[in-house]
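# all I have is the shape, not the residue letters:
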């Protein structure tokens, strides 16, 4: 089973999609299997991170901004704006696909794990995420 | 088929779990398929790296410690100790899930590839890893 | 279905393999499912990135070279040459496995996404990539 999700991101940062993906798992009626999440972009990515204290996510965002700043004379790919090349670099350092086992009809996420779209561009974007569910045979 | 593994890590560094995962593949009686390994934590992660010379793994650990040091005034998420926020950052730079094809009943790892839990916290931890096997139909 | 590909890389940089993988998907006669790509090496890796403007890929290569330079006194694993330890580090920061949903018989890649083997060693290498296709049941 495959389901396409449209995720509206308001700008740079981690945007939680755990509930969206859980709903797809629930609708699939899969009791045991594998859930794969794939993002169809190169300037936004996926990650699984702490879903409890928001300060952890803010620090992740600030740390990655400092590692990959906008004003870097190395960049030659600048036609799409100053936030475009840093966005590509941040995307390759994080994830384009993630696979999570399904046990007893639910994602086998740890207690403190949430699933996020990481928007690396400054503006609001409509991002496409594909969720694939394979049932154990 | 899904199997939960409990991995006891003695502290920061790469802890090999290749044999544990191979045993799950063997017990699954799967001749061709896909093995997905997922870690249920946000301050430890997974990686596949050189299993021959231990100096490569030590350098990986030291390099990542230097890139993401403990004493960094950027961090605001500090309530869980000075090694917690660096652990989250190291986790997002490495892997939470990995998928390895199964061919002729064995993981299709390269000659020099080993599978590791990368512990990013200083203390000993009991980590949960979920192994999912899907057989080709 | 599992297929092994041999990819000849001419040296450091991003080498596109999208067409090779698309051909495997086409030959599999899979209309809906999941395609997993796995590289059997620890000094080359996989990534999905912008397939349009080559300047984006050149900047990615140059940025990663600067983050992980050859002449770094931290390295103790030096017996296989000055480009070996940086190659291992670059590999753990990018991907060893990637999973892409298959919809209507084709990879669900975004418009601007290409699939690449990222060669981190200086010399030409023959790299082994394994493609696994699982069909939805």
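Received it, and whenever you're ready, just let me know what you need. Just so we're clear, the structure is a prediction, and the values are computed from it rather than from any experiment.
# please count neighbours and contacts with C-alpha atoms only from this point.
Noted.
# helices or strands up against the host helix or strand of residue A:126?
When elements are assigned from DSSP states H and E, residue A:126 belongs to strand A:125-135. Counting contacts by 3 or more CA pairs under 8 Å, 6 or more residues apart in numbering or on different chains; DSSP states H and E, strand A:125-135 packs against strand A:2-9, helix A:18-28, strand A:33-39, strand C:33-39, strand C:97-103.
# as a markdown table, these with distance to chain B, mean pLDDT and mean neighbour count would be great.
A markdown table is the format used below for the helices and strands packed on strand A:125-135 (distance: least, CA to the nearest CA, whole Å; pLDDT from 0 to 100; neighbours: other CA atoms under 10 Å in any protein chain shown):
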| stretch | distance to chain B | mean pLDDT | mean neighbour count |
| --- | --- | --- | --- |
| strand A:2-9 | 17 | 98 | 16 |
| helix A:18-28 | 14 | 98 | 16 |
| strand A:33-39 | 7 | 98 | 24 |
| strand C:33-39 | 6 | 98 | 24 |
| strand C:97-103 | 6 | 98 | 24 |
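# note down every partner strand of the strand holding residue A:126 and its orientation.
Paired strands of strand A:125-135, with direction, are strand A:2-9 (antiparallel), strand A:33-39 (antiparallel) (DSSP bridges).
# contacts for it?
Outside strand A:125-135, the residues that touch it by CA atoms under 8 Å, 6 or more residues apart in numbering or on different chains are A:1-11, A:21, A:24-25, A:28, A:30-41, C:33-34, C:101, C:108, C:136-137.
# give me the mean pLDDT for it.
Here strand A:125-135 scores 97 as its mean pLDDT.
# now do that strand against strand A:97-103, angle only.
Between strand A:125-135 and strand A:97-103, the angle comes out at 40 degrees (axes from the mean of the first three to the mean of the last three CA atoms, to 10 degrees).
# list the buried ones in strand A:125-135?
Under the neighbour-count criterion of 16 or more other CA atoms under 10 Å in any protein chain shown, strand A:125-135 has A:125, A:127-135 buried.
# widest-spaced pair of the residues you listed?
Largest separation among the buried residues of strand A:125-135 by CA to CA: A:125 and A:135, giving 32.0 Å.
# so residue A:93 touches residue C:94, yeah?
Yes: counting by CA atoms under 8 Å, residue C:94 is a contact partner of residue A:93 at 5.9 Å.
# show me what contacts the closest residue to residue A:118 other than its chain neighbours?
Spatially, and ignoring its direct neighbours in sequence, residue A:118 is nearest to residue A:14 (4.5 Å; CA to CA, 6 or more residues apart in numbering or on different chains). By CA under 8 Å, 6+ apart, the contact set of residue A:14 is A:57, A:61, A:116-119.
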